[in-house]
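> Test case, fold it:
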Amino acid sequence: MDLTGVFKDKKPRFSLEIFPPKDHTGGVETIYETLDGLKDVRPEFISCTYGAGGNLADSSTIEICSIIKEKYGILPISHLTCVNNTKEDIDVILTRLREKGIMNILALRGDLKPGQEPKNDFVHASDLVTYIKEFDPGFFISGACYPEGHPDSSDLITDVLDLKRKVDCGTGHLISQLFFNNEDFYRFLDRCELAGINVPIEAGIMPVTNKQSILRMVSMCGASIPAKLSKILNRFENNPKALEEACIAYAIDQIIDLISNDVDGIHLYTMNKPYLAKRIFDVIEPMR
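Below is the predicted model:
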């Protein structure tokens, strides 16, 4: 069960991202509340980020992907980062995934950890993609892309050429980093077409619920905040309920425009808040 047939027709797909519980006192079982709230959204797949700690000892991503597959009957995609892992570490993780029947991986470089030297086996996500395909060609690999350019890339042309290399290594599907101006995404799609990138590309959408959190996130991923959203954040930053309502409306407006322009799919960063996904899904489902 993989993503091979998901994007065969032109209907925009709807998928979700969750993350493992940050508090391990309740174990991964605490994820059931999140998944119980998301199952009615009927996503094509649910991706799970790479461990609460992002290290080999934390197997929560694999456990949660197994729960998504076995209990909820939804296609899981396991995030996998490489910059802080050796080839031996990756071998262990890939073996665990295969044993659980989880054959869909979102292959990522991952973030450098302050004060910790990265491992030298993998420098780029494309290195991980190549390694996974050599380990077992049966894995279906998704990748990340950056509509406004990867923060470490020197320019947008270099960025899209690096992305083309990742696709040529075996990446069959792309999920974009969050963005708040659809024109940035459309320009990115134009660059991908010129570069010969022809795999499905989903638009990553994150509903904002906290001003400081989103400012911190965009500073890390290189996204920008357009004037319209900035005014919303400034106007309602001290009124959490009003901010949430305004930002849900903003996300819905984005998605309606994206669907109207025939995007391959919408990947919603749920932040483990099922009610956000449900609110958005109820509006956009009749439009797909």
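> Tell me how many other residues surround Asn181.
18 (other CB atoms under 10 Å). (Each C-beta comes from the backbone N, C-alpha and C, glycine too.)
> Name the nearest residue to it, sequence neighbours excluded.
Setting aside the residues directly before and after it, Asn181 is nearest to Pro226 in space (CB to CB, 6 or more residues apart in numbering), at 4.7 Å.
> again, but for Leu75
Phe45 (4.0 Å).
> measure the one you found to Thr209 for me?
Distance of Phe45 to Thr209, computed by CB to CB, to the nearest Å: 23 Å.
> If you count surrounding residues, which of the two has more?
Between Phe45 and Thr209, counting by other CB under 10 Å, Phe45 is the more crowded of the two (23 against 15).
> didn't that one look like it was pressed against Glu17?
No: counting by CB atoms under 8 Å, Phe45 stays clear of Glu17, with 9.7 Å between them.
> Stretch 143-163: end-to-end distance?
9 Å (CA to CA, to the nearest Å).
> For it, give the mean pLDDT please.
Averaged over stretch 143-163, pLDDT sits at 95.
> how far does that stretch sit from the chain's center?
16 Å (CA atoms, centre = their mean, to the nearest Å).
> Can you give me the buried ones in it?
143-150, 153, 156, 159-160, 162-163 (16 or more other CB atoms under 10 Å).
> Run through the strands of the protein in chain order.
Taking DSSP state E as the test, the strands found in the chain are 13-18, 45-48, 75-81, 104-108, 140-145, 171-176, 201-205, 265-269.
> who does the longest one pair up with?
Strand 75-81 has these partner strands in its sheet, going by DSSP bridges: strand 45-48 (parallel), strand 104-108 (parallel).
> so which of these comes closest to Thr4?
strand 104-108 (9.7 Å; CB to CB).
> closest one to Pro118 among the strands of the chain?
With CB to CB as the measure, strand 75-81 is the member of the strands of the chain nearest Pro118 (10.5 Å).
> any idea of the angle the closest one forms with strand 265-269?
60 degrees (axes from the mean of the first three to the mean of the last three CA atoms, to 10 degrees).
> hmm, who's touching strand 75-81?
Here strand 75-81 makes contact (CB atoms under 8 Å, 6 or more residues apart in numbering) with 1-3, 6, 44-50, 54, 61-62, 64-66, 68-69, 90, 93, 97, 102, 104-111, 128, 132, 142.
> Off-centre distance for that strand?
That offset, for strand 75-81, works out to 9 Å (CA atoms, centre = their mean).
> Kindly report the same for stretch 119-133.
Distance, centroid of stretch 119-133 to centroid of chain: 18 Å (CA atoms, centre = their mean).
> What lies in contact with it?
Contacts for stretch 119-133 (CB under 8 Å, 6+ apart): 80, 82-87, 89-90, 94, 105, 107-109, 139, 141, 143-144, 162, 165-166, 169-171.
> before we move on, what about stretch 185-204?
Against stretch 185-204 from outside (CB under 8 Å, 6+ apart): 6-7, 13, 15, 145-148, 156-157, 160-161, 163-164, 167, 171-179, 255, 258, 261, 263-267, 269.
> ChimeraX command for the buried members of those residues?
The ChimeraX selection below is limited to those of the contacts of stretch 185-204 classed as buried (16+ other CB under 10 Å):
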select :6,7,13,15,145,146,147,148,156,160,163,164,167,171,172,173,174,175,176,177,178,179,255,258,263,264,265,266,267,269
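> Find the least confident helix or strand in this structure, judged by mean pLDDT.
Least confident helix or strand, the chain: helix 211-221 with a mean of 87, by mean pLDDT, DSSP states H and E.
> returning to what we had before: export the strands paired with strand 75-81 to TSV and tack on distance to Asp184 and mean pLDDT?
Below are these laid out as TSV (distance: least, CB to CB, whole Å; pLDDT from 0 to 100):
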stretch	distance to Asp184	mean pLDDT
strand 45-48	22	96
strand 104-108	21	97
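> longest helix in the protein, by residue count?
Secondary structure of the chain read by DSSP state H shows that its longest helix is helix 240-260.
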